[in-house]
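Colleague: Provide a 3D model corresponding to the input given below.
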Amino acid sequence: MSNQLTPATPVMPERFANPIRQIGSILQQPAVRRSLPMIMLVSLVAAAALAWMTLATPQQKTLFSGLPDSDKAAVTAALQQANITARIDEGSGALTVNEDDYSRARILLAGQGLPKAAPGGYQILDSLPMGVSRAVEGERLRQARETELARSIQEIDSVAEARVHLAMPETSVFVRDNAAPSASVILKLQPGRSLSEAQVSSIINLVASSVPGMKTDAVTVVDQMGALLTHVKGQDSTTLAGDARIDFQRRIEDKYRAQLLQLLTPLFGPGNFSAEIQAEVDLDETQATRESYDKQGALRAEQGNWTGVGAAGADQAPGGIPGALSNSATPASTVTNASKTPAAAATPAAGATPTPPPATDSPAKQAENYARAYDLGKEISVTRAMPGTVKRLSVAVLLRDPEGSKPRSPVEIQQITALVRAAVGYDAARNDQVTVIARKFAPSVTLDEKPAWYDAAWLPIVARNVTAILIAVMVLFLGIRPLAKAVLKKRDEAPAPSRNAVGVALSGGHMAGTAAPQMQDGVPIPVSIEMIDNARNFDDRIGIVRGFTRDNPSRAALAVRDMIKADAS
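Modeller: Below you'll find the model as predicted:
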């Protein structure tokens, strides 16, 4: 005997076996079929209303963002009084208006002094209450400085928004406990704009100069993408030097390129040539020091003595104390005639032989002892070569050949090459290279400065109106027209009652689902065979047959007998 249980297969009810069939049977019911045109009409009207609500909303533009709730309420009330529709974005909370009403809304709110946000800048200090603590007063002062600095930075063209955060520590009586203040600046730049190194340095110096005791190294600048615009202390100096070299080389190349553009544009026209320059720049800084001395120096000081013997006493033996000059014999004196004038003595007579001057006894040196000091010549030369010298220059110029004419001749190319060489300062000693060729350019796509047709302001309005018209036409032809045709068809198919026609007499109480019997002059209208054939549906036909059987029992009995005989046979 097996105890295994056989899982029972769930049986789905018949009414849920085929939902599509059930829906089809529901749609086949006479009441549902009669109401289908009305359902379609209501659906089309609802679809048209939804489409109109979606397309009728004009393009929105942000009026204010980040307003407090009180200002939002005041601004919305002011705009509603001026018949300007204002909406509040559920996601960001920004206040938006129609693009066509943006300028009018700004002028209206500016005239009313809205929004009345919290005062900024040094206006905060005007609203300080009496008796505030020193800490609150310091925080308000710091907030005022931050707001004023942010407003000053926003005056730069490339900056859309700016926020400044100041870190100002408490002042201590101990010098070692004093900390220097610091600042951080967050910038939101204009789309497609960037800040140069000079502009970033200007912002840093502006903030550092506005706070006492702050140094430029303590200011950090960041853009809206999170990129650090300042150089951190301790950053790799090699990287910074490399960036400076690349920037300097780019400036040199841009200078030469601007010269070529200014020279060739009047000759060929804009867009008919292309010039590229590659400059090898010597960015190495050289410094040399040289010292040189003269071989023969100049006598600066001399000190010493010397000894010697006169000519008159040359044959006398020296006497006296050795080394004492006072014991030496005096040389013989020479007497000259003073009567003679110096002129006569200096000028001899004509024809006379000049007599030599009397010999004076000059002592002869025997020994000398001198100490002399000389100054040597010294020359110091310092040479410092600044970077920026162009080592080599390569220039390439591509010219457009004129359309529908002969290519440029070699003579013309040589003339243009010479012109380019003169413009860039060609130097053959440093192996400069200048190349000029002429070719046909690829067809360029002309960019229309006007906005595209699909960006025009009138296009959304036209599309909205055309869509509304199409929806109205669809409702008319797909909803109202079929409904009207069905109503008119039923009215045309209904039999017109007449006095000579055989009426219908329906029993009122015992015939469920049928209409009351038709009366004419207070007498029920008898039922005829034509009325049975012209019945609108099965229920009406059954009611008419019942009335026919009641009014014509004999004929009904004959009809039943004939049907029985037909079934038996």
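Colleague: Look up how far Ile84 lies from Arg104.
Modeller: Arg104 sits 7 Å away from Ile84, going by CB to CB, to the nearest Å. All C-beta atoms are positioned from the backbone trio N, CA, C, and that covers glycine.
Colleague: just Glu412 next, same as before
Modeller: 66 Å.
Colleague: Which of these two has more residues huddled nearby?
Modeller: Ile84 (19 against 13; other CB atoms under 10 Å).
Colleague: For the closest residue to the more buried one other than its chain neighbours, give me the backbone phi and psi.
Modeller: Excluding the flanking residues, the one nearest Ile84 by CB to CB, 6 or more residues apart in numbering is Asp101, at 4.9 Å. Per-residue torsions, Asp101: phi -100, psi 10 (degrees, to the nearest 10).
Colleague: I'd guessed Asp101 sits against Arg87; true?
Modeller: No: with contacts counted by CB atoms under 8 Å, Asp101 stays clear of Arg87, the gap being 11.3 Å.
Colleague: Looking at the two, which is more packed in?
Modeller: Neighbour count, other CB under 10 Å: between Asp101 and Arg87, Asp101 has more, with 19 against 14.
Colleague: can you confirm Ala183 is in a strand?
Modeller: Yes: under DSSP: H, G, I helix; E, B strand; the rest coil, Ala183 sits within a strand.
Colleague: Go ahead and confirm it touches Ile153.
Modeller: No: shown here, Ala183 and Ile153 do not form a contact pair, counting by CB under 8 Å, at 11.2 Å.
Colleague: Show the contacting residues for the closest residue to Arg193 other than its chain neighbours.
Modeller: Once flanking residues are discounted, Arg193 sits nearest to Ser158: 4.1 Å by CB to CB, 6+ apart. Contacts for Ser158 were tallied using CB atoms under 8 Å, 6 or more residues apart in numbering; they are Leu189, Gln190, Arg193, Ser194, Leu195, Gln199.
Colleague: Buried residues of stretch 138-150, list them for me.
Modeller: Arg140, Leu141, Arg142, Gln143, Ala144, Arg145, Glu146, Thr147, Glu148, Leu149, Ala150 (16 or more other CB atoms under 10 Å).
Colleague: Just give the number of residues close to the nearest residue in space to the third one that is not next to it in sequence.
Modeller: Okay, so that is Arg142. Excluding its sequence neighbours, the residue lying closest to Arg142 (CB to CB, 6+ apart) is Leu166, at 5.5 Å. Burial measure for Leu166: 19 neighbouring residues, criterion other CB under 10 Å.
Colleague: so Leu166 sits in a strand?
Modeller: Yes: counting by three-state DSSP, Leu166 is found in a strand.
Colleague: quick one: the strands in the stretch 151-300 of the chain?
Modeller: Using DSSP state E, counting those that start in this stretch, the strands of the stretch 151-300 of the chain run over residues 159-167, 182-189, 219-223, 273-282, 286-293, 298-309.
Colleague: returning to that earlier point: which one of the buried residues of stretch 138-150 is nearest to Ile23?
Modeller: Ala150 (65.7 Å; CB to CB).
Colleague: What is the three-state secondary structure of the closest one?
Modeller: Strictly by three-state DSSP, Ala150 counts as helix.
Colleague: Please apply the same query to Leu50.
Modeller: Quick answer, by three-state DSSP: Leu50 is helix.
Colleague: Could you measure from Val175 over to Thr96?
Modeller: 56 Å.
Colleague: Between those two, point out the one with more neighbours.
Modeller: A count of neighbours by other CB under 10 Å puts Thr96 above the other of Val175 and Thr96, at 19 against 6.
Colleague: Just list whatever residues bridge to the closest residue in space to that one that isn't next to it in sequence.
Modeller: Closest residue to Thr96 apart from its sequence neighbours, by CB to CB, 6+ apart: Gln60 at 4.1 Å. On the basis of DSSP bridges, Gln60 is bridged to Asn98.
Colleague: Just to check, Gln60 is in contact with Arg87?
Modeller: Yes: between Gln60 and Arg87 there is a contact under CB under 8 Å: 6.5 Å.
Colleague: Give me the common contacts of these two.
Modeller: Thr96, Val97.
Colleague: returning to what we had before: farthest pair in the contacts of Ser158?
Modeller: Top of the distance list for those (CB to CB): Gln190 and Gln199, 12.5 Å.
Colleague: Between these two, which is the more surrounded one?
Modeller: Higher neighbour count among Gln190 and Gln199: Gln199, with 16 against 12, using other CB under 10 Å.
Colleague: mind exporting stretch 250-262 as PDB, just the C-alpha atoms?
Modeller: Provided in PDB are the C-alpha atoms of stretch 250-262 (Å, rounded to 0.1, in the frame of the first residue of the first chain):
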ATOM      1  CA  ARG A 250      53.400  78.200 -25.700                       C
ATOM      2  CA  ARG A 251      53.500  81.900 -25.300                       C
ATOM      3  CA  ILE A 252      56.500  82.100 -27.600                       C
ATOM      4  CA  GLU A 253      54.700  80.000 -30.200                       C
ATOM      5  CA  ASP A 254      51.500  82.100 -29.900                       C
ATOM      6  CA  LYS A 255      53.500  85.200 -30.500                       C
ATOM      7  CA  TYR A 256      55.000  83.900 -33.800                       C
ATOM      8  CA  ARG A 257      51.600  82.600 -34.800                       C
ATOM      9  CA  ALA A 258      50.000  85.900 -34.300                       C
ATOM     10  CA  GLN A 259      52.600  87.600 -36.400                       C
ATOM     11  CA  LEU A 260      51.900  85.100 -39.200                       C
ATOM     12  CA  LEU A 261      48.200  85.600 -39.000                       C
ATOM     13  CA  GLN A 262      48.600  89.400 -39.100                       C
END
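Colleague: Kind regards, and thank you for your time.
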